[in-house]
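**Student:** Below is the sequence, then the predicted model.
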Amino acid sequence: MAKVCDLSFQQKSLFQQGYQRFTPAELKQLEWGLRFTPLACSLITAYALYYQIPALLLIVAGLGIWAFFFPAKHPMDLLYNNGVRHLFKAAKLPENPFQRRLACLAAGAMNIIAAGLFYLQMPTAALIVGGLLLVLQAIVIFTHFCTLSWMYEGIMRLFNRWHTPIDIKDATSLLQKGALLIDVRSPNEYSKETITGAINVPLEELHHHLDTIKDAVCLVFCNSGTRSHIATEKLKGHGHTHVFNLGAFNRAAQLSPPNNPA
């Protein structure tokens, strides 16, 4: 039986950074590679702060600003994809999602502030700003937790715009019209309890079923809502326009009482 497909803290942090179309297995392949760019930029920033070189801080700031406007063109990502990763036979880094690009922009702004403070002959203030940036980047490097992505999620939740599942009434209407109810949990979870009429398409095997559900209206659910969101985004990324995230199991159960499939 497949194991329950839970995300680790680092994978959840990457999910929060915007990597929402990737399965846990794919995120695991990317975990180390996604550390390269913040590590490289942090080392340059640390060097510039130690030797008080504001021009170098501006160069690093330029990298972050460039990355914000060009998702697949961060110079450090290109260096990794075209060189470093081949040494370790690692997976290629994808385009940077909005939340990660926003963090790059914020890091660029902090580098500009630190450089400006050096130019204004305020080295202590510059070192405080730069030091704070290095601390935040160190957290990202070691845990993938991004403070700005966390704040972004909080703001989106405040305005009810963060991973909002389809309304139950709308889902019921689609189900009555023949929509597919898809349980993306593991076979082990599905065998213990699911929703009447649901078919099991584990998230890790979703790519094998892209063609069979291509033209169908799909309602996707899992245990907590995380995997169903990943599955929904993944299907949309493959051109499935009629797929809806139903969310957590307890929410999906409002459509029909749970049962124990044979």
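**Tutor:** Looks like it arrived, so ask away. Residues are numbered from 1 along each chain as shown.

**Student:** ok so Leu181 is a strand residue?
**Tutor:** Yes - according to DSSP: H, G, I helix; E, B strand; the rest coil, the state of Leu181 is that of a strand.

**Student:** Report the contact partners of it.
**Tutor:** By C-beta atoms under 8 Å, 6 or more residues apart in numbering, the contact list for Leu181 reads 175, 195, 197-199, 219, 221, 246, 252, 255. Placement of C-beta: from N, CA and C, glycine included.

**Student:** where does this protein dip in pLDDT?
**Tutor:** Low-confidence segments of the chain, defined by pLDDT under 70: 1-6, 256-262.

**Student:** for the host helix or strand of Cys104, which positions count as buried?
**Tutor:** Using DSSP states H and E, the secondary-structure element containing Cys104 is helix 98-119. Buried positions in helix 98-119, judged by neighbour count with 16 or more other C-beta atoms under 10 Å: 99-108, 110-118.

**Student:** Show the residue spans covered by the helices in this protein.
**Tutor:** Counting by DSSP state H, the chain has helices at residues 9-16, 24-30, 36-50, 54-69, 75-79, 85-88, 98-119, 123-143, 147-158, 168-176, 187-192, 226-237, 249-252.

**Student:** Sort out which residues of the fifth one are buried, please.
**Tutor:** Judged by neighbour count (16+ other C-beta under 10 Å), helix 75-79 contains these buried residues: 76-77.

**Student:** now what about it, what contacts it?
**Tutor:** By C-beta under 8 Å, 6+ apart, helix 75-79 touches 36-37, 40-41, 63, 66-67, 93, 96.

**Student:** The same query, at a cut-off of 7 Å, please.
**Tutor:** The contact list for helix 75-79, computed with C-beta atoms under 7 Å, 6 or more residues apart in numbering, reads 36-37, 40-41, 63, 93.

**Student:** now those residues in JSON lines, with distance to Asn82 and neighbour count?
**Tutor:** Formatted as JSON lines, the contacts of helix 75-79 follow (distance: C-beta to C-beta, whole Å; neighbours: other C-beta atoms under 10 Å):
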{"residue": "Phe36", "distance to Asn82": "12", "neighbour count": "19"}
{"residue": "Thr37", "distance to Asn82": "13", "neighbour count": "25"}
{"residue": "Ala40", "distance to Asn82": "14", "neighbour count": "19"}
{"residue": "Cys41", "distance to Asn82": "17", "neighbour count": "25"}
{"residue": "Leu63", "distance to Asn82": "16", "neighbour count": "19"}
{"residue": "Leu93", "distance to Asn82": "10", "neighbour count": "19"}
